[in-house]
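Undergrad: structure for this input, please:
(one chain, ligands or ions: 1)
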Amino acid sequence: MLCHPYSFNALRPLLASQKVTSIEVVRQFLQHIHTQKDLNAFVNIYDQEIVEQAEVVNQKIKADKGGALAGMVIGLKDMVAYKDHPLQAGSKILTNYISPFDATVTERLLAADALIIGHQNCDEFGMGSSSENDYFGTVLNPLDKTRVAGGSSGGSAAAVKAKMCHVSIGTDTGGSVRQPAAFCGLVGLKPSYGRISRHGLVAYASSFDTAGIFAHTVADCASVLEVIAGPDAFDDTAAAKEVPCYTSALDHPGPYKVACLAGTLSNGGLQPEIKEHTLRSLELLKKAGNQVDNVHFELLTYALPTYYILVNAEASTNLARFDGIRYGYRSSHATTLEEVYTKSRTEGFAKEVKKRIMLGAFVLSDSQCETHYVKALKVRNMIKKAMQDILNHYDFIILPTTTTTAFKVNSFASNPLSMYWGDLYTVLASVAGLPAISLPNGVDQKNLPIGIQVIGNYFEEAKLLAFASQFEAIVQ
Ligand code: GLN
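TA: Coordinates of the predicted model:
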C-alpha cells in the first residue's frame, strides 16, 4: 500500500496520537489555498466554519470517538449540495442559490467526521474537459500553470494536487473525474453507476452521472467510498447492494486476468509516450504474475457519438428547470413572462451549455428521435453487452485514460468540438455504467503526468481497488 505524505491514511496515526491536531491540518490546507489563489481551484472557501468543525472533531479524536473519516479534509465540486451553502454548478444561472439540503454524499461525509473546506471550480454543469469556466475563470494545472487541470472536475483535481485538501468529491458523467486525475497525477475513481446516491448532485445526464473520488492514493479512495456508497431512500437508482469493506480488501494479491483493448493503442491521436507507458506497465503487470491479453473491441469508435447524443438529450431535459423563476439568476431585462424564460436562460448559460441544450433538443425532436436518440440507445446496449462479454472472461479492461497529457489553456478556443475527441477512452465505462479508475502511470517528456485506466465489472469496486493498489506498488 502506497504512503503519500498528504494522504489521509498516512496522517491518521498522527491525528490519533495527537502529534498533529486536526486544527493544524486544516490551517495548513487553508494556507495552501490562500497562497495559490491563482490556480482558481475554489469558488467558495468555508474557512471559519471548517476551523470550528476541526475543533469539535479534534475533541472527538482525542476521546477516541472520531468517525471513520475523522479529520479528513474534503473539497466538493460545485455540483455537490452542502446545506446552507452556495451551489452554482459553475454557472451564472445559479447565482445566489443556496442549497436547502445536503447531498447524501455530503451528509455521509459529515456523519463520518470529515471536514468540508469549500466548493471547487468546474466546467459549467459538468460539460467540458478543461475547466475553462466562463463565469469563474479557468482552473490552472498546479504542475504547469500554462496548462489546464482537466475537466469537468478540474478544481477538485487541482486542489488535491496542490495540497489544499486530502480528497475531493467530483462528478463523472463521461470522464470528469478520471481525466483531471490523469492530468494532475492523481488517483481518480468513478464507481459503478448506482453505487453512490445521486441525491443532491446537480444533474447533467442522469443515466450516466456518478459521484467520484480524487485522492493521492488508492487507500484513501477506498476509505471514502466505504463511507459514501450504498442504498439511499432519496435515490431509487442507488443500488440496494451491500457495501463491502473496501479498505480491508486492498491486500488481495491476485493474480488477475487483464484485457488490453488493442484498438486503443493503435489510435493515431494517441500521444506516443502514453502508448509507451501503457505498454511498459502491462509488461510490469505480466512480470508480477498477471495474465495480460490483447482483446479486439470493434465498437470503440461508436462510444463517443453514442455518448454525446445521449448526454445532450438528457441534459436538455435536466436543464429545463433553470427558467429564471425557480432558481438563481433572473434577467432584469425581461418585460413579459416569456422573456423571463428566454432572457434568463440566454444570459445565464454560457455557450457550451446552450450548444448542448440545442443539440439535445434536436436529437429528441420528432423528426430526429428514431434516427439519433433511439439509435444511440441501441448502440449503448451493444457497447454494454460487448464490454460485459469481455468482463465475463477477464477481471479488468485496461486502456489509457486520455489521448494526451494536460493541454495548454485555450487550446480548443477556436474549435471546441475537437475537445470531445479527448474523451474517447473515458466514455466507454460511462456508456456501460461500469466502475473505472485512473491511476498515475509516469510522466511524459515535459514531466506531465500520464494516466492509465482500469475498468472493472459491475459493483466489483473491491476487486478494482485491490488491483489498483497492486498496480500502485508495481509502477511507483
Ligand atoms: N467531457 C465530457 C463531457 O463534456 C465529460 C464530462 C463529465 O464527465 N461531466 O460531457
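
Undergrad: which intervals of the chain have sub-threshold pLDDT?
TA: For the chain, the stretches flagged by pLDDT under 70 are 1-3.

Undergrad: mind doing that once more with 80?
TA: Within the chain, the stretches with pLDDT under 80 are 1-5, 253, 476.

Undergrad: residue nearest the centroid of it?
TA: Closest to where the C-alpha atoms of the chain average out (Cα atoms, centre = their mean) is Val177, at 2.2 Å.

Undergrad: the nearest residue to it once chain neighbours are set aside sits in which helix or strand?
TA: Take Val177 and drop its neighbours on the chain: the residue closest to it by Cβ to Cβ, 6 or more residues apart in numbering is Gly212, 3.2 Å away. C-betas here are computed from N, CA, C, even on glycine. For Gly212, the host element (DSSP states H and E) is strand 210-215.

Undergrad: next: Gly170.
TA: Going by DSSP H and E, Gly170 is part of strand 167-172.

Undergrad: returning to what we had before: partner strands of the strand holding Gly212, with direction?
TA: If you go by DSSP bridges, strand 210-215 pairs up with strand 167-172 (antiparallel), strand 187-190 (antiparallel).

Undergrad: mean neighbour count, the ones you listed: which tops it?
TA: Ranked by mean neighbour count under mean count of other Cβ atoms under 10 Å, the strands paired with strand 210-215 are led by strand 187-190, which reaches a mean of 32.

Undergrad: for that one, C-alpha coordinates in CSV please.
TA: Taking Å, rounded to 0.1, in the frame of the first residue of the first chain, the C-alpha atoms of strand 187-190 are listed here in CSV:
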residue,chain,number,x,y,z
VAL,A,187,-5.9,8.6,-8.4
GLY,A,188,-9.5,9.2,-9.7
LEU,A,189,-12.3,6.7,-9.1
LYS,A,190,-15.6,6.6,-10.9
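
Undergrad: contacts for that strand, please.
TA: Here strand 187-190 makes contact (Cβ atoms under 8 Å, 6 or more residues apart in numbering) with 157, 170, 172, 175, 177-182, 210, 212-218, 220-221, 225, 429-430, 435-440, 451, 461, 465, 468, 472.

Undergrad: can you select the buried ones from the residues you listed in ChimeraX?
TA: Buried members of the contacts of strand 187-190, defined by 16 or more other Cβ atoms under 10 Å, are picked up in ChimeraX with:
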select :157,170,172,175,177,178,179,180,181,182,210,212,213,214,215,216,217,218,220,221,225,429,430,435,436,437,438,439,440,451,461,465,468,472
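
Undergrad: restrict the contacts of strand 187-190 to contacts with the ligand.
TA: Checking the contacts of strand 187-190 against the ligand by Cβ under 6 Å from any ligand atom, the ones in range are Asp172, Gly175.

Undergrad: returning to what we had before: now the element after the strand holding Gly212, going C-ward?
TA: Counting by DSSP H and E, the next helix or strand C-terminal to strand 210-215 is helix 218-228.

Undergrad: so which elements touch that next one?
TA: Helix 218-228 sits against helix 8-16, helix 104-111, strand 167-172, strand 187-190, strand 210-215, strand 436-443, helix 461-475, with contacts defined as 3 or more Cβ pairs under 8 Å, 6 or more residues apart in numbering; DSSP states H and E.

Undergrad: distance to Lys241 added to those, as CSV?
TA: Listed next are the helices and strands packed on helix 218-228 as CSV, based on distance: least, Cβ to Cβ, whole Å:
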stretch, distance to Lys241
helix 8-16, 25
helix 104-111, 16
strand 167-172, 19
strand 187-190, 17
strand 210-215, 15
strand 436-443, 18
helix 461-475, 10
